[in-house]
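# pasting the sequence and the predicted coordinates here, then a few questions.
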Amino acid sequence: MVRAPRLHRGGRRFDSYIVHHQTILYNQTYMIGRIILGLIITIIGFLLVWKTAWLVNNFGRIQWFEMHLSTIGGSWFAYKVFGMLAVIIGLLVMTNLYQQAATAILMPLFGRGGM
């Protein structure tokens, strides 16, 4: 009969169940938090698109957009664009694709860092 310490001499030792269990709980908590945050961002974006008239009436017009984009709606257009961007960003956060999307968008602009 060989004792367990002799089998693992010099190699990887057994990790306790608690270590692996805490890692799994951390990953699940991180995933649930990411989904909730993405859902909140998506809902805010949806409300920006859906309730544009309420936003313009209560918060007023955005002067820069009125001066430069008055032919396509000005402030209305700005609120809808911000809402659509929020929906896209929220979906990227929920699916954990925001880093890949940022890399794909910014890589052609800045190139690879380093040699």
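Looks like it came in fine. Remember, predicted model here, so these are calculated numbers, not experimental data. Numbering: from 1, shown residues only.

# what ranges do the helices span in the protein?
4-7, 17-50, 52-59, 63-68, 75-94, 98-110 (DSSP state H).

# so which of these is the most packed in?
helix 75-94 (a mean of 18; mean count of other C-beta atoms under 10 Å). Backbone N, C-alpha and C define where each C-beta goes, glycine included.

# state the mean pLDDT of that one.
Here helix 75-94 scores 94 as its mean pLDDT.

# quick check: nearest residue in space to the residue sitting nearest the centre point of the chain, chain neighbours excluded?
By C-alpha atoms, centre = their mean, the chain has its centre lying nearest to Val93, at 2.3 Å. Closest residue to Val93 apart from its sequence neighbours, by C-beta to C-beta, 6 or more residues apart in numbering: Gly38 at 3.6 Å.

# that neighbour contacts Gly90, correct?
Yes. Counting by C-beta atoms under 8 Å, Gly90 is a contact partner of Gly38 at 4.7 Å.

# contacts for stretch 34-43?
Here stretch 34-43 makes contact (C-beta atoms under 8 Å, 6 or more residues apart in numbering) with 86-87, 89-96.

# no wait, stretch 95-106
For stretch 95-106, using C-beta under 8 Å, 6+ apart, the contacting residues are 31, 34, 38, 89, 92.

# show me which of these is closest to Lys51.
Distance to Lys51, by C-beta to C-beta, is smallest for Ile89 among the contacts of stretch 95-106, at 18.7 Å.

# from Ile62, how far off is the closest one?
Counting by C-beta to C-beta, to the nearest Å, the gap from Ile89 to Ile62 is 20 Å.
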